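K.L.:
I would like to see how this sequence folds:
(2 chains)
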Amino acid sequence: MIEARGLGRWFGTLHAVDTLSFDVPPGEIFGFLGPNGAGKSTTVKMLTGMLRPSYGTARVAGFDIASQPLEVKRRIGYVPESGAIYDSLTGTEYLELVASLHHLDLARARVRAGELLQLFALAQDQDRRIAEYSKGMRQKVLLAAALLHNPDILFLDEPLTGLDANAALMVKELLRSLAAQGKTIFFCSHILEVVERICSRIMIINKGATIIEGDAANICAQTGTTSLEQAFSQLTGIRDVASVTRDFLAALENS
Amino acid sequence: MEAPTARPRGNGENPRGIARLLARFDIDATQWRALVIAGLKLDFRAPLGQSAARGTQRLIGQVAMYLMLGGPLGVFALFVPDVFLSGSLALSAIMFFIASAVLVEFAVVVISPLDYDVLGYQPISSSTYFAARFANVLFYTTAITTAIGIPAIAAYFFARGFNPILGLAAIPAFYFASTVTTLAVIVAYVGIAQVVHPHRLKRAFTYLQLVASFAVYGAYFILPSIFKLKTLGTLTIRKSPWMLLYPPTWFASYLDLAVGRWSLLEIVPALAGLAALAGLAWLSAARLSLNYSELLSRQAAASEGQRATRRRLPRFRLARGEQRAIALLLGAQFRHDQRFRLTVLSIVPLTLLYLFMGVREGGLQDPFLQPILQPRAAGNAFLLYFAMVMFPAMLMAGITRSDAYRAAWVFFVTPARRADLVVAVKNLAFVYFLGPYLLGLALILTYFFGSALHAFLHIVVEALIVNLVLLLVVALQPGLPFSQPPQKGKTSGWMFMVMIVGGAVQSVSTQVLGFAVYPYPVVLAGVIAFLLAAGVLGQWLLRRRLEKATADLEFAA
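P.N.:
Predicted coordinates:
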């Protein structure tokens, strides 16, 4: 599970994450939302050990991220928003690299990598350089790498980016099944329909701080809206979408 | 992806002044200015989490280093009576540094398709885009020229009493030479890119860069020996027409003209310098720039289109964990990352040149038979060992800084031990690159020494010293592999510092070996044992340092 207590991060004078506290129990798909620049990716980077918190604490899988980072990292899988990957490697080589970094048994890791690549329909392309892959194929490699060591907790930052409809459907189903097995899934996405459908609980942040938390129905009820999309836009700035749209159009006509 | 060539005309007004001149070359002044300013902002802006003061400190450090390099040129300008000779030497150095900087750090930027992804669909003409990229490079080369050239330019004002005409003549001489060098290297790069298929382009540039660096280093080192320099105060040179084929003499002729020498031997090379400048500028503006966008779009769209090569660096079947991961990554990056491959391979022409220098002056004699006493021979032998010292620093800089740094998140979210990763990098850098390099050198030295045993023993001792240098380099600048963004100017600065300090240490140790170690087998055995023990101790200390030093590392992207 994931427990954050008063977690925060400064970048110079920018307060990117402001005293976040939340719990994500095993078996939950936790939707972590916010507008651009809200601090989502910084929070994920702190929880995955890529950045140190400026203050506060967090425990992931029962281990403190600051004092026991390796124990945390053994138990997490991560798909970064940036999609950054060593594209000089082939798909197979990249998974082998990740397996080595996790100290997995190579023979077993190879079998598992083959299965995952098969699952993501990449078996035919596994010996091609990632530089030759499409965006969706690269994303599939990242997903396969995140699942390779069968982690207890998954941090997925925009995991559906670039995936075709079939692959996206498969990933969503996979996430539900993993959650049913007791895995904890920390899910960041701007596709609110997906978040509404698969996340059992949602937290929305803005300017680094929590503004609401609960399941989708609860959030809609609290904001007096009928969809997560409406609730999100109301909570994060754009209160009257129709009026803002009219202003945009007027500005375009005047320019 | 083809860049649109439509060019907006600002507010619909006709361009005036410089903008009008630029427009004749299809360069939109407004866009050009915006692109140049944006490029410089990107270069100078401190990375997230780093203070602006740190960036300023780094800049000050670089300027200080170049001023230091320019100091001896000022001494030459002040004390050598022949301004043509001192000017040729100073301009050789300037052109060498500029060519090195452009070759190592900036030329790749000119043909990089990276920001074409961002700008390719904007209404920017090919010429405007090329002019902006070129201006960005020219900014840096002009800054380097200023820092290195200031001592010499200032000295020319006072070289023969107060002589403002000579000082003023030095200004165009230095800046024209710098600009011609920048243009020549870029024109060569972009010119090659027009005719080489994108699939093979990166590889071709790697080798072009190697050949070009060989030529630059070669000219820099060999010309002084052709000139037969003696001592500063008596240095003079008799001009001959063939000497004027050497580009720095074109610009040095401005200094001769300034002190009143006006014969064909001054006027013709001075005009040649101007013609080179005008010719290269015309070639860039009127020819290369027209196809520049197309070139970048071909680069951006091109994929290797071939299955992963079977030629791989060995991965050591027994290697596990961090060691294996690094073996995989180093191998793949060497095969496919042009910047990294170039860093590794650039030691080859440098070494060949130093070997050539050693052969010319008798510096490649067997140190087991006689110590190298003749100063010039010792100096040239020292160059070879100096290359050995330089290689670890070059390697580690190339391994740490990479265009692929964004993918280094994988080292931060996996349970890999960072200290083990860095140690694996150090060990595999030795096994993959330094080891074969030293082995090759042993084979070459066998030919010159006439004794395989002596050559190999000598290289074993040198390898153990190089291992200590490598440990020191890693300890001083620990970093995860391919995890830092490349920074313009930083590679050169770091390398020059290691060259100066490491070269001095290596010079002393090589002399000591010849006098006090090689003649006595027992002492030699003791020294080898000592160096081995120092290596083991160094590795242990390095690991301890890395445990602390790498714990604070954060993902740079």
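
K.L.:
drop to CA atoms for contacts and neighbour counts, all remaining ones
P.N.:
OK.

K.L.:
Please state the offset of stretch A:223-241 from the chain centre?
P.N.:
Chain-centre distance of stretch A:223-241: 22 Å, with Cα atoms, centre = their mean, to the nearest Å.

K.L.:
That stretch spans what distance, first to last residue?
P.N.:
15 Å (Cα to Cα, to the nearest Å).

K.L.:
Show me the contact partners of it.
P.N.:
A:Gly34, A:Pro35, A:Leu192, A:Glu193, A:Glu196, A:Ile204, A:Asn206, A:Ile211, A:Ala216, A:Ile219, A:Cys220, A:Val244 (Cα atoms under 8 Å, 6 or more residues apart in numbering or on different chains).

K.L.:
show me the contacts for the fourth one.
P.N.:
For A:Glu193, the residues meeting the contact criterion (Cα under 8 Å, 6+ apart) are A:Leu228, A:Glu229.

K.L.:
if I look at it, how far off is chain B?
P.N.:
29 Å (Cα to the nearest Cα, to the nearest Å).

K.L.:
cool, and the last one?
P.N.:
Going from A:Val244 to chain B by Cα to the nearest Cα gives 27 Å.

K.L.:
Show me what residue of the stretch 151-255 of chain A gets nearest to chain B.
P.N.:
The minimum distance from the stretch 151-255 of chain A to chain B, using Cα to the nearest Cα, falls at A:Phe155 (10.3 Å).

K.L.:
Strands along the stretch 151-300 of chain B, start to end?
P.N.:
Assigned by DSSP state E, counting those that start in this stretch, the stretch 151-300 of chain B shows no strands.

K.L.:
how about the strands of the stretch 1-150 of chain A, start to end?
P.N.:
Under DSSP E, counting those that start in this stretch, the stretch 1-150 of chain A gives strands at A:2-11, A:14-24, A:29-33, A:55-60, A:63-64, A:76-79.

K.L.:
what mean pLDDT would you report for the last one?
P.N.:
For strand A:76-79, mean pLDDT is 93.

K.L.:
That strand vs chain B: in contact?
P.N.:
Yes. Judged by Cα under 8 Å from any Cα of the partner chain, strand A:76-79 and chain B are in contact via A:Ile76, A:Gly77, A:Tyr78.

K.L.:
which helices and strands sit right next to that strand?
P.N.:
helix A:135-147, strand A:153-157, helix B:409-413 (3 or more Cα pairs under 8 Å, 6 or more residues apart in numbering or on different chains; DSSP states H and E).

K.L.:
now do 10 Å
P.N.:
Applying 3 or more Cα pairs under 10 Å, 6 or more residues apart in numbering or on different chains; DSSP states H and E, one finds that strand A:76-79 makes contact with helix A:40-47, helix A:135-147, strand A:153-157, strand A:184-188, helix B:409-413.

K.L.:
Throw those into CSV and include distance to B:Gly74, thanks.
P.N.:
Formatted as CSV, the helices and strands packed on strand A:76-79 follow (distance: least, Cα to Cα, whole Å):
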stretch, distance to B:Gly74
helix A:40-47, 51
helix A:135-147, 55
strand A:153-157, 57
strand A:184-188, 60
helix B:409-413, 47
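
K.L.:
could you dump the ones you listed to a markdown table with mean pLDDT?
P.N.:
Putting these into a markdown table (pLDDT from 0 to 100) gives the following:
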| stretch | mean pLDDT |
| --- | --- |
| helix A:40-47 | 91 |
| helix A:135-147 | 93 |
| strand A:153-157 | 94 |
| strand A:184-188 | 95 |
| helix B:409-413 | 88 |
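
K.L.:
Among those, which comes closest to B:Ala101?
P.N.:
Among these, the nearest to B:Ala101 by Cα to Cα is helix B:409-413 (29.6 Å).

K.L.:
do the helix or strand following the closest one and chain A meet?
P.N.:
Sequence-wise, the next helix or strand downstream of helix B:409-413 (DSSP states H and E) is helix B:418-429. Yes. Under the criterion of Cα under 10 Å from any Cα of the partner chain, helix B:418-429 makes contact with chain A via B:Leu421.

K.L.:
just how off-centre is helix B:418-429 within its chain?
P.N.:
That offset, for helix B:418-429, works out to 25 Å (Cα atoms, centre = their mean).

K.L.:
now swap in stretch B:264-283 and tell me
P.N.:
27 Å.

K.L.:
what does stretch B:522-533 give?
P.N.:
Remark: stretch B:522-533 is offset 35 Å from the chain centroid, using Cα atoms, centre = their mean.

K.L.:
Pull the residues that contact that stretch.
P.N.:
Here stretch B:522-533 makes contact (Cα atoms under 10 Å, 6 or more residues apart in numbering or on different chains) with B:457-458, B:460-465, B:467-468, B:513, B:516-518, B:520-521, B:534-539.

K.L.:
Which of those fall in helices?
P.N.:
Under the assignment DSSP state H, these contribute B:457-458, B:460-465, B:467-468, B:521, B:534-539 to helices.

K.L.:
now, which of those lie close to chain A?
P.N.:
Applying Cα under 10 Å from any Cα to these, none is adjacent to chain A.

K.L.:
What is the burial count for the residue of the stretch 151-255 of chain A closest to chain B?
P.N.:
22 (other Cα atoms under 10 Å in any protein chain shown).

K.L.:
same thing with B:Gly191?
P.N.:
For B:Gly191, using other Cα under 10 Å, the count is 17.

K.L.:
Need the mean per-residue confidence for the longest helix anywhere in chain A.
P.N.:
Assignment by DSSP H gives helix A:165-180 as the longest helix of chain A. In this model, helix A:165-180 carries a mean pLDDT of 92.

K.L.:
Report the angle between it and strand A:153-157.
P.N.:
Put simply, helix A:165-180 runs at 150 degrees to strand A:153-157, going by axes from the mean of the first three to the mean of the last three Cα atoms, to 10 degrees.

K.L.:
burial measure for B:Leu280, as a count.
P.N.:
As a burial measure, B:Leu280 scores 20 neighbours (other Cα under 10 Å).

K.L.:
That should have said A:Ser67, apologies.
P.N.:
A count of nearby residues for A:Ser67, using other Cα under 10 Å, gives 11.
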